[in-house]
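Chemist: would you be able to build a 3D model of this:
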Amino acid sequence: MVLLAVVTLAGCGVKSQTRRPADGPTFEPVSGPVCFLTTQLPPTVKATLIGQLVGSKRGYGRTTSILEATADEARKSGANVVADVVTGHRAGFLAYAEPVAYGNSYRLAEGETIDCEKLGGTLR
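Modeler: All right, here's what the predicted structure looks like:
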């Protein structure tokens, strides 16, 4: 019984990854906050697309923990902005509704800055 509980709960962690194109750019990790936008990055902003950022949790929960994990993954991939962010829940194996988050991660061009809050985003 205890072994079953341990095996079942072992998969309940938050997971995130960056899905990069095979020929996509690579960047050094960054530190500091990442801007999360539910909209597209404005066309006037110079940035390089790194890839699609995906986060999920096996089990029940809120999307807040997913966003924190995806912010960590964004920093590891060198991104300082994640645009087109969508959060929600999907049907899962162990849970009726697992929290998920998706978005496109970008690295701002050298010297480029944005006002995340003015664009309606949040810093994480």
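
Chemist: low-confidence stretches in this structure?
Modeler: 1-12, 92-95 (pLDDT under 70).

Chemist: where exactly do the helices run in it?
Modeler: Listed in chain order, the helices of the chain (DSSP state H) span 2-10, 63-77.

Chemist: how many residues are close by residue 42?
Modeler: Neighbours of residue 42 under the rule other C-beta atoms under 10 Å: 11. Glycine gets a C-beta too; all of them are placed from N, C-alpha and C.

Chemist: surely it touches residue 119?
Modeler: Yes. Here residue 42 reaches residue 119: they are 7.1 Å apart, a contact under C-beta atoms under 8 Å.

Chemist: so for these two, which residues contact both of them?
Modeler: Shared contacts of residue 42 and residue 119 (C-beta atoms under 8 Å, 6 or more residues apart in numbering): none.

Chemist: and the residue lying closest to residue 38 once chain neighbours are set aside, how far from residue 111?
Modeler: Distances taken as C-beta to C-beta, 6 or more residues apart in numbering place residue 85 nearest to residue 38, at 5.1 Å, with adjacent residues excluded. Going from residue 85 to residue 111 by C-beta to C-beta, to the nearest Å gives 25 Å.

Chemist: ok, residue 35 next?
Modeler: Separation of residue 35 from residue 111 (C-beta to C-beta): 16 Å.

Chemist: between the two, which is the more surrounded one?
Modeler: Shown here are residue 35 and residue 111; by other C-beta under 10 Å, residue 35 has more neighbours (24 against 6).

Chemist: pretty sure the more buried one contacts residue 114?
Modeler: Yes. If you go by C-beta under 8 Å, residue 35 and residue 114 touch, sitting 6.5 Å apart.
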